[in-house]
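[1] Sharing a model that was predicted from the sequence below.
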Amino acid sequence: MPANKKLLILPGDGIGPEVMREVRRIIDWMDRKRSVTFEVTEGLVGGAALDATGSPCPDETVAAATQADAVLFGSVGGPKWDSLPFDKRPELGILRLRKDLQLFANLRPAVVLDPLVEASSLRAELVRGLDIMIVRETTGGIYFGEPRGIHLNEHGKRVGIDTEIYSEDEIARVARVAFDLARKRRNKVTSVEKANVMQSGRLWRAVVGEVGKAEYADVELEHMYADNCAMQLASRPKQFDVVLGGNLFGDVLSDLAAALTGSLGMLPSATIGAVQPDGRRHALYEPIHGSAPDIAGRGIANPCAQILSFAMLLRLSFGMEEDAALIEQSVEKVLAGGLRTADIMAPGMARVGTTVMGEAVLRELEKLSA
C-alpha cells in the first residue's frame, strides 16, 4: 500500500527516544492492520541536534517539518547542555519550530481516566469524567511583546519590563480554534483574561465576543477573569469544556488543569497553525512531561503520554477518529487492568517498565480491533 500520511518524528533527548519507540511499534502495527500507511521520517532536535550539527534545530529539521503532514515531538534538554550559552539551549529547538511553522494555538487536554481518578489531588466526585481542553495562544502576548528587558532607572535601580500586546487578528484566529473545537465537544467556550485591569484584556474580551456572535452563535460563550478561572478549576472543574486564554494566562491555567489529573505522565498536547490554501495545517504534537533526564535510559519512563499524543495527531491532523479512539481505549484498558509505570504507581497495582507498558497497549489494540 502506498504511503499516504507524511509524518516527521523528532525523538529528541532524555526519555524521548525511549517513549517514541513505543509509538513506532504502534505505527508499524497500523501499517499491518489498519487501512493506512505512514511515510515516516526521523529527524534531530534539541541536545541530540546540538551534538550532531551544532544547532538545536537545524535547517534540515525545519525543512522536513514544513513538508510533513504532522510532527510528533519527544522532548528536549538535560544537564549535559545546561552550561551552554542561551542561543544554544536545546529548548530553542521547539521554539524555532513553533515560530517557523507559525504554530499559534496550543491545545492541551486535561482528561481524568477512570482508573486514575484517585491520583488527583481533588476528591473523586469533582474529577471523575473530567475532560477539559485548554486553548492557549502561543506566538504573541507578554512572552513576545516589545519593549522588554532589564535596565537601570534614573536612581540606578534595575527595572524589568515585559509588554503584553495583542492585535485583534491574533485574538480572532485563536478564538476560532477554540470555537471550532467546542463544536466537536460540548459546545461551550470559556474565554479568560483580566479585562478589569488590563487594556489587552479588554480587547481580548471584545474580539472573542465579536467572533462568537458573528461566526459561532450556536456555541455558548462565557467570559471569566483569569484569577477566578483558576479558583473555579480547583473547585468545580467539570463546569468547563474549552478554556481559551492568551499566552500568559493559558500557560498558567493549562498547568493547573493538568495537575488536576494527578498524572502528568499521561497528558498529550498539540500546537497548530492556520489552515493553508491547500487545506493542510502545520501541527506539532508532544507529551507535556519533558525529557526527565534523571530516569533516561533506565527503561522506566511512561510511554502513555507519547502514545496519546500520537492519538491526538491521528484525530486532529488526519481526521482518523476511529483509530485515535482505539488507541485511547487501549491505554485506558491497560490501566484498568492494573498496570502502572513508576510515575503513576499506586498500592495494589503492578509496576512495569516502558517496554512492557507499550506491549500491553499493543495487545489491547489487537483485541479491540479484532
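    Great, that's in hand.
[2] which residues sit against stretch 249-260?
    With C-beta atoms under 8 Å, 6 or more residues apart in numbering as the test, stretch 249-260 has contacts from 106, 108, 110, 112, 120-122, 127, 130, 132, 134-138, 192-194, 226, 229-230, 233-234, 237, 243-245, 264, 267, 288. All C-beta spots, glycine's among them, are computed from the backbone N, C-alpha and C.
[3] 7 Å instead?
    Under the contact criterion C-beta atoms under 7 Å, 6 or more residues apart in numbering, stretch 249-260 has outside partners 106, 108, 110, 120, 122, 127, 130, 132, 134, 136-137, 192-193, 226, 229-230, 233, 237, 243, 245, 264, 267, 288.
[4] Could you list the buried residues of stretch 189-207?
    189-195, 200-201, 203-205, 207 (16 or more other C-beta atoms under 10 Å).
[5] tell me which of the residues you listed is nearest to Thr53?
    Of all the buried residues of stretch 189-207, Ser200 has the smallest distance to Thr53: 38.5 Å, by C-beta to C-beta.
[6] Confirm that closest one sits in a helix?
    Yes. Assessed with DSSP: H, G, I helix; E, B strand; the rest coil, Ser200 lies in a helix.
[7] so what's it up against?
    164-166.
[8] Quick check: phi and psi on Lys333?
    phi -70, psi -40 (degrees, to the nearest 10).
[9] Next one: the closest residue in space to it that isn't next to it in sequence from Gly337, what distance?
    Spatial nearest neighbour of Lys333, excluding adjacent residues (C-beta to C-beta, 6 or more residues apart in numbering): Glu364 at 4.8 Å. Using C-beta to C-beta, to the nearest Å, we find Glu364 at a distance of 8 Å from Gly337.
[10] Show me which of these two is the more surrounded one.
    Glu364 (20 against 13; other C-beta atoms under 10 Å).
[11] Can you give me the separation between that one and Gly74?
    Taken as C-beta to C-beta, the span from Glu364 to Gly74 is 23 Å.
[12] for Val275, same thing?
    Counting by C-beta to C-beta, the gap from Val275 to Gly74 is 26 Å.
[13] for stretch 111-130, which positions count as buried?
    Applying 16+ other C-beta under 10 Å to stretch 111-130 flags 111-113, 115-117, 119-120, 122, 126-127, 130 as buried.
[14] Now render these as JSON lines, adding secondary structure.
    Output for these, formatted as JSON lines (three-state DSSP):
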{"residue": "Val111", "secondary structure": "strand"}
{"residue": "Val112", "secondary structure": "coil"}
{"residue": "Leu113", "secondary structure": "coil"}
{"residue": "Pro115", "secondary structure": "helix"}
{"residue": "Leu116", "secondary structure": "helix"}
{"residue": "Val117", "secondary structure": "helix"}
{"residue": "Ala119", "secondary structure": "helix"}
{"residue": "Ser120", "secondary structure": "coil"}
{"residue": "Leu122", "secondary structure": "coil"}
{"residue": "Leu126", "secondary structure": "helix"}
{"residue": "Val127", "secondary structure": "helix"}
{"residue": "Leu130", "secondary structure": "coil"}
